[in-house]
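>>> requesting a structural model of the entry that follows:
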Amino acid sequence: MTQDHTDGFLSRVNAAFMAMDLETLKSCFAVPLVVYTKAGVVVVREEAELERVVSRYRQALTENRVVSAGIRIESRETPSDGRMRVLCRTFGYDAEGKAISTSVVRYFLLERPDRLEVEMIEYISSPLSLEDVEKIVH
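Sure, this is the predicted structure:
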């Protein structure tokens, strides 16, 4: 897992999420996928559930005027046994390109023989309200 490889992978995940490219997202996320949020822990056990959670989260961002996003790697741990934790800051932008939100997310990456996968996500901070997050994950 090189730095360029993980950076490129997480940029691709971010771009696929903003474009609602579900096929790319399904290839990037392990199922089951563990997601920690301020509303609690959710285990996504099948691809249909992953699609539902991603769609609801993207809709919530749209309702909050976020139309695009950028990602910045804050820190990464040294890979161990094919796993790595990466801390990212995501910036949400409105239609005029103004940064209107930020979130901090820790990705737990797993290196497969042919690709990387996200096996767990921890939302450390999110621009969404607790009520919005509960609607997304429940």
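
>>> residues making contact with the helix-or-strand element of the chain with minimal mean pLDDT?
None of the helices or strands of the chain scores lower by mean pLDDT, DSSP states H and E than helix 130-137, at a mean of 71. Helix 130-137 has contacts (CB atoms under 8 Å, 6 or more residues apart in numbering) with 35, 37-40, 42, 53, 56-57, 60, 123, 126, 128. From N, CA and C alone the C-beta is placed, and that goes for glycine too.

>>> kindly recompute the last result at 7 Å.
35, 37, 38, 39, 42, 53, 56, 57, 60, 126 (CB atoms under 7 Å, 6 or more residues apart in numbering).

>>> try stretch 112-124
Stretch 112-124 has contacts (CB under 7 Å, 6+ apart) with 6, 9, 13, 28-30, 33-38, 103-110.

>>> again, but for stretch 17-36
Outside stretch 17-36, the residues that touch it by CB under 7 Å, 6+ apart are 12-13, 16, 41-47, 50-51, 54, 58, 68-69, 110, 117-123, 137.
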